[in-house]
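>>> here's my sequence, what's the structure:
(chains A, B, C and D)
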Number of protein chains: 4
Amino acid sequence: MRNYESEADKYFARDLTQRERAIFEGAITLGALYHQFIGVPVSRDPRILEALKSCMEACMSLQPYKEKVEVKIRSDMITGEKKHPFDYETLKGKHLDVKVTSKYGGARAVLRMRYIPELDYTLMYVESITEEPSE
Amino acid sequence: MRNYESEADKYFARDLTQRERAIFEGAITLGALYHQFIGVPVSRDPRILEALKSCMEACMSLQPYKEKVEVKIRSDMITGEKKHPFDYETLKGKHLDVKVTSKYGGARAVLRMRYIPELDYTLMYVESITEEPSE
Amino acid sequence: MRNYESEADKYFARDLTQRERAIFEGAITLGALYHQFIGVPVSRDPRILEALKSCMEACMSLQPYKEKVEVKIRSDMITGEKKHPFDYETLKGKHLDVKVTSKYGGARAVLRMRYIPELDYTLMYVESITEEPSE
Amino acid sequence: MRNYESEADKYFARDLTQRERAIFEGAITLGALYHQFIGVPVSRDPRILEALKSCMEACMSLQPYKEKVEVKIRSDMITGEKKHPFDYETLKGKHLDVKVTSKYGGARAVLRMRYIPELDYTLMYVESITEEPSE
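Here you go, the predicted model:
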């Protein structure tokens, strides 16, 4: 049977560690999620936020080597209530708190994206990396 | 109480009809939906397609003067089954069959977007417009 | 020779006027431009803003029945100067002032998108429509 | 003077190496570039492709710790020539050949995204990593 994983691995630098690969795969998903979904119309309605969260988690988990994608939408930072036609917002980085867990071989990386008020910036960062004896 | 609708109306051409306004509002949503969601990772998994559909319908309905946004995702045109890490696709126009119903005053427009094989193009078009005596 | 235009026209409602079609085509581009480009990294650097403006104008003009797409980016509303790694912004609706001119048959529609402070909303609207005797 | 870099660094895992950080920062940009620009209307017209390339390079270089972003658009894989209103395409992964060079401390990572026909997949991968004595 064809081994797509080892075919893809041939393109990667020889000296790449499993930790580095896990970080690489997770970081792609952080950048992808932000730039795919920023701009989506949102309001405070919990059903709408739940639908958006489910979509982001389900779809972004399809990317390679994802173990888990967890999205919290900060409804406290959304003011739109659809009381009139223009009373809604579009999704911004500050609305998101995302945790991506990626796994490659024995390495697992937990990556995060959330708004940091002191920096006035939606920071993407590596929260932790763990290694287990690879199979 | 503040009337946001009439405040916004002041920016529109004086001679615009209600039919034209309904078409205008609906067409924005067709263009917006395509360019917001094209590129989202998808597979044939019905739970993933359902999550994406629900998100598109819920979020895009927030745009002004939308009565209904209905999305069908053509899973028959999606081959990814996630049997290996790279076995998924990204959403394309040909996967979508969208119906947007917009209403302004007494005019209701039904707009559509779907892939037309003969044109090899994801066509956006006006399916029908109806008018009732405006309130 | 194949007439793609009349093939596409068959999908449109019989009673659609040329004015309505011109508005429809232009409105698609307003919605598309916003939801395609919102989230792009930007700073006050004029070369960056010029590159973004040129791209938006050139690419969005490819959509059907566009006569002209004109984009102004409000650099006065952008604060990022790249004095440190996080000193930039992502494109938002309030940064944009867009004019789309669409033409179908003898009808020409001028559509606009810009931030309206009183509404705290990036409004898309029909600025004017003109008709000449159709060819 | 405020040091934004060290403020941001505090959020990252203690045991992260400079190589890992350089890979992390570059991978974000690969994911971001794909999901921001996929769907943009394109044709074979060299002026349009040049405008899109310049925009992607200029804007994505703003993301933190980017040394260079190089984009080639594979015009040989684009068929649209705008001979009729629907004769254009929307940007797909297979049209892109992207090289991102990111640098953090003494580590420099060269990351790549391009379509691999054997995998029928637009693969993102780490091409090389080099380290110099950090300053």
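>>> just checking, residue A:55 touches residue B:47?
No - applying Cβ atoms under 8 Å as the test, residue A:55 and residue B:47 come out as separate, 10.9 Å apart. Where C-beta positions appear, they are placed from N, C-alpha and C, glycine not excepted.
>>> does the longest helix along chain A reach chain C?
Secondary structure of chain A per DSSP state H: the longest helix is helix A:18-37. Yes - applying Cβ under 8 Å from any Cβ of the partner chain, one finds helix A:18-37 in contact with chain C at A:34-35.
>>> equivalent analysis for stretch A:84-93, please.
Yes - Stretch A:84-93 reaches chain C (Cβ under 8 Å from any Cβ) through A:86, A:90, A:92-93.
>>> remind me which residues of chain A are low pLDDT?
Chain A contains residues with pLDDT under 70 at A:134-135.
>>> flag every residue of it that's near chain D.
Proximity of chain A to chain D, by Cβ under 8 Å from any Cβ, involves residues A:4, A:7-8, A:11-13, A:15-16, A:19-21, A:23-36, A:111-112, A:116, A:118-119, A:121, A:123-129.
>>> what is the end-to-end distance of stretch A:12-23?
One end of stretch A:12-23 sits 14 Å from the other (Cα to Cα, to the nearest Å).
>>> got a list of what the residue nearest the centre of chain A touches?
Centroid check for chain A by Cα atoms, centre = their mean gives residue A:30 as the closest residue, at 4.0 Å. Listed by Cβ atoms under 8 Å, 6 or more residues apart in numbering or on different chains, the contact set of residue A:30 reads A:98, A:100, A:111, A:113, A:124, D:28, D:31.
>>> strands of chain A, start to end?
Per DSSP state E, chain A carries strands over the ranges A:41-42, A:66-73, A:89-90, A:96-104, A:107-116, A:121-131.
>>> which residue, other than its chain neighbours, is closest to residue A:108?
Using Cβ to Cβ, 6 or more residues apart in numbering or on different chains and skipping the chain neighbours, the partner closest in space to residue A:108 is residue A:130 (5.1 Å).
>>> these two touch, right, the one you found and residue A:103?
No - counting by Cβ under 8 Å, residue A:130 sits too far from residue A:103 to count as a contact (9.7 Å).
>>> looking at those two, which is more packed in?
Using other Cβ atoms under 10 Å in any protein chain shown as the criterion, residue A:130 and residue A:103 rank with residue A:103 on top: 19 against 13.
>>> do you know how far the more buried one is from residue D:126?
The gap separating residue A:103 from residue D:126 is 17 Å, by Cβ to Cβ, to the nearest Å.
>>> ok, the residue of chain A most remote from its centre - contacts?
Ranked by distance from the centre of chain A (Cα atoms, centre = their mean), the top residue is residue A:84, with 32.0 Å. The neighbours of residue A:84, taking Cβ under 8 Å, 6+ apart as the test, are B:4-5.
>>> residue A:72 pairs with what?
Residue A:72 has these beta-bridge partners by DSSP bridges: residue A:97.
>>> now it: how far from residue D:133?
41 Å.
>>> with neighbour numbers in mind, choose between the two.
More crowded of residue A:72 and residue D:133, by other Cβ under 10 Å: residue A:72, with 13 against 6.
>>> test my guess that residue A:68 contacts residue A:101.
Yes - using Cβ under 8 Å, residue A:68 is in contact with residue A:101, at 4.3 Å.
>>> who's more crowded, those two?
Using other Cβ under 10 Å as the criterion, residue A:68 and residue A:101 rank with residue A:101 on top: 20 against 13.
>>> near chain B, which residues of chain A?
Residues of chain A lying near chain B by Cβ under 8 Å from any Cβ: A:4-5, A:8, A:36, A:39-43, A:47-48, A:51-52, A:54-60, A:62-65, A:80, A:82, A:84-88.
>>> out of these, which are inside helices?
Using DSSP H to define helices, the subset of these located there is A:4-5, A:8, A:36, A:47-48, A:51-52, A:54-60.
>>> buried ones among these?
Those of those that meet the buried threshold are A:4, A:8, A:36, A:48, A:51-52, A:54-60, by 16 or more other Cβ atoms under 10 Å in any protein chain shown.
>>> let me see the contact set for the closest residue in space to residue A:11 that isn't next to it in sequence.
Nearest residue to residue A:11, sequence neighbours excluded (Cβ to Cβ, 6+ apart): residue D:125, at 4.4 Å. Going by Cβ under 8 Å, 6+ apart, residue D:125 touches A:8, A:11-12, D:111-113.
>>> identify, from those, the entry nearest to residue C:107.
Distances from residue C:107 to the contacts of residue D:125, taken as Cβ to Cβ, are shortest for residue D:113 (42.6 Å).
>>> distance from stretch A:97-111 to the middle of the chain?
With Cα atoms, centre = their mean, to the nearest Å as the basis, stretch A:97-111 stands 10 Å off its chain's centre.
>>> and it, which residues are buried?
Buried residues in stretch A:97-111, counted by 16+ other Cβ under 10 Å: A:98-105, A:107-111.
>>> quote the end-to-end distance of that stretch.
11 Å.
>>> ok, now stretch A:86-103?
42 Å.
>>> so who does residue A:61 touch?
Neighbours of residue A:61 in contact, by Cβ under 8 Å, 6+ apart: A:68-69.
>>> do the same with residue A:33
Contact partners of residue A:33, counting by Cβ under 8 Å, 6+ apart, are A:56, A:60, A:69, A:71, A:96, A:98, A:100, A:113, D:31, D:35.
>>> so which of the residues you listed comes closest to residue D:76?
Using Cβ to Cβ, residue D:35 is the member of those that lies nearest residue D:76, at 23.9 Å.
>>> burial count for that closest one?
Burial of residue D:35 is recorded as 26 neighbouring residues (other Cβ under 10 Å).
>>> what of residue A:123?
By the other Cβ under 10 Å criterion, the neighbourhood of residue A:123 contains 18 residues.
>>> one more: residue A:74?
By the measure other Cβ under 10 Å, the count of residues near residue A:74 is 14.
>>> got a list of what it touches?
Contacts for residue A:74 (Cβ under 8 Å, 6+ apart) come out as A:94-97, A:115.
>>> again, 10 Å this time
Contact partners of residue A:74, counting by Cβ atoms under 10 Å, 6 or more residues apart in numbering or on different chains, are A:49, A:92, A:94-97, A:114-115.
>>> distance of it relative to residue A:126?
Going from residue A:74 to residue A:126 by Cβ to Cβ gives 22 Å.
>>> ok, now residue A:77?
From residue A:77 across to residue A:126, the span is 24 Å (Cβ to Cβ).
>>> neighbour count for those two, which is higher?
Under the neighbour definition other Cβ under 10 Å, residue A:77 and residue A:126 were set side by side, and residue A:126 has more, 24 against 13.
>>> residue A:113 is in contact with the more buried one, correct?
No - using Cβ atoms under 10 Å, residue A:126 is not in contact with residue A:113; the gap is 11.0 Å.
>>> mutual contacts of those two, please.
Listed as contacting both residue A:126 and residue A:113 by Cβ under 10 Å, 6+ apart are A:27, A:30.
>>> residues from chain A in reach of chain C?
Applying Cβ under 10 Å from any Cβ of the partner chain, we find that chain A lies next to chain C at A:34-41, A:79, A:84-93, A:116, A:119-123.
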